[in-house]
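Asks: I would like to see how this sequence folds:
(one chain, ligands or ions: 1)
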Amino acid sequence: MSTSVVTGGAGFLGSHLCDYLVAQGHRVICVDNLETGSLENIEHLKGPEFSFVYQDVVDGIWIDEPVDYVFHLASPASPIDYLRLPLQTLKVGSHGTANALGLAKWKRARFLISSTSEVYGDPQVHPQPETYWGNVNPIGPRGVYDEAKRYAEALTMAYHKQQGVNTAIARIFNTYGPRMRKNDGRASVTFLNQAIEGKPLTVFGDGSQTRSMCYVDDLIRGLYLLATSDEHLPVNIGNPGHELTMKELAEACIRVAGSSSTIVYEALPTDDPLVRRPDITRARAILGWEPEIDLDEGLRRWMRSLGHTPVG
Ligand code: NAD
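Replies: Numbers count the residues shown, from 1 in each chain. Predicted structure coming up:
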């Protein structure tokens with residue numbers, strides 16, 4: 001049986017990854033300080049194959065048993081969270097990543113970091129291949145997150161090249177699905193809940209900025225394939241088939257919820273990227289990975305998980 005450590009395992013993506021790993025027969029050790037995660041996300045995971053360790057990974061990670069994989073997901077991820085927690089975000093990306101890499105080195109484990117499409121910033125190349133270096137404002141409000149992840153990638157490659165740690169870098173694009181916090185501020189969860197509650201959907205700017213939306217199950221399958229491959233260079237994981245304007249995403253939520261909500265427009269936040277779509281040529285070639293769940297189906301599954309009946 002393989003043993004996996006998942007930092008940030010009580011969060012949205014981390015808890016789905018814990019589920020997936022347990023289903024694959026792994027023993028899973030979830031390390032989390034519950035800064036933005038919740039015990040509710042993992043309370044169904046009981047038994048000898050799952051442990052929870054309450055720990056801030058910035059302070060260190062001590063695991064008293066052999067480890068085969070370290071999945072490092074701990075980090076505030078939504079703009080509301082990292083704007084509220086700028087120093088924690090920088091520290092978990094720097095010290096926290098160094099501690100997770102140190103654990104992988106000590107245990108001779110395969111290491112995977114959840115990086116982000118935000119390393120491309122407001123991109124001048126579209127769609128974004130892994131070879132694009134990005135367009136990030138280091139001192140803008142989003143810089144604390146974007147630069148923490150860019151530093152974390154640099155640190156990961158340095159541990160690989162200098163220390164021989166077996167590392168992987170997943171550049172995750174916008175992902176949606178069950179267990180996103182209702183008030184975490186990301187567009188998909190805000191829109192779906194506003195549509196369900198019959199409230200106006202609040203779209204920033206004129207709603208023409210785009211994101212590519214990947215359902216969480218597809219994303220987690222991609223992370224696992226990357227972790228079990230021998231790839232060391234960054235790999236984009238996201239859904240290029242679903243590049244939507246924010247207005248189109250709002251309309252899809254209204255459609256699937258069968259809602260009569262209207263759309264209202266608010267000021268665009270500073271440095272909000274205008275376009276975002278992954279080039280997943282490498283994920284297809286190296287991992288044989290392809291997203292399978294289309295947007296309406298993903299939204300319907302998510303609605304059902306919230307106890308609502310979708311249209312269609
Ligand atoms: P989330 O906020 O739901 O989960 C993050 C988890 O990390 C939470 O459980 C939180 O308590 C924990 N955490 C934060 N700081 C910690 C610390 N210092 N020590 C221990 N635990 C800590 O966010 P998410 O959406 O699940 O994102 C998970 C990872 O995936 C993040 O690294 C994020 O940058 C990356 N990512 C997510 C998306 C997305 O669309 N969800 C996109 C790109 C990248």
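
Asks: near the ligand at all, stretch 231-245?
Replies: No. Figure legend: stretch 231-245 not in contact with the ligand (C-beta under 6 Å from any ligand atom); closest approach 8.3 Å. Every residue, glycine included, has its C-beta placed from N, CA and C.

Asks: give me the buried positions along that stretch.
Replies: When neighbours are counted by 16 or more other C-beta atoms under 10 Å, the buried residues of stretch 231-245 are found to be 231, 234-240, 242-245.

Asks: which among the residues you listed gets closest to residue 54?
Replies: residue 237 (28.4 Å; C-beta to C-beta).

Asks: what sits closest to that closest one if chain neighbours are left out?
Replies: residue 222 (4.0 Å; C-beta to C-beta, 6 or more residues apart in numbering).

Asks: do the same with residue 184
Replies: residue 78 (4.3 Å).

Asks: contacting residues for the one you found?
Replies: Neighbouring residues of residue 78 by C-beta atoms under 8 Å, 6 or more residues apart in numbering: 36, 181, 184-186.

Asks: ChimeraX command for the buried members of those?
Replies: Per 16+ other C-beta under 10 Å, the buried members of these correspond to this ChimeraX selection:
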select :36,181,184,186
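
Asks: which single one of the contacts of residue 78 is nearest to the ligand?
Replies: Among the contacts of residue 78, residue 36 lies closest to the ligand (C-beta to the nearest ligand atom), at 3.5 Å.

Asks: surely that closest one is in a strand?
Replies: No. Read with DSSP: H, G, I helix; E, B strand; the rest coil, residue 36 is coil and lies in no strand.

Asks: if we can go back for a sec, quick one: least confident of the buried residues of stretch 231-245?
Replies: Lowest pLDDT within the buried residues of stretch 231-245 is found at residue 242 (74).

Asks: and the gap between that residue and the ligand?
Replies: Distance from residue 242 to the ligand, counting by C-beta to the nearest ligand atom, to the nearest Å: 13 Å.

Asks: next: residue 244.
Replies: 14 Å.

Asks: which residues are in contact with the particular helix or strand that has that residue in it?
Replies: Taking DSSP states H and E as the criterion, residue 244 maps to strand 243-245. Contact with strand 243-245 is made by 127, 207-213, 252, 275-277, 295, as judged by C-beta under 8 Å, 6+ apart.
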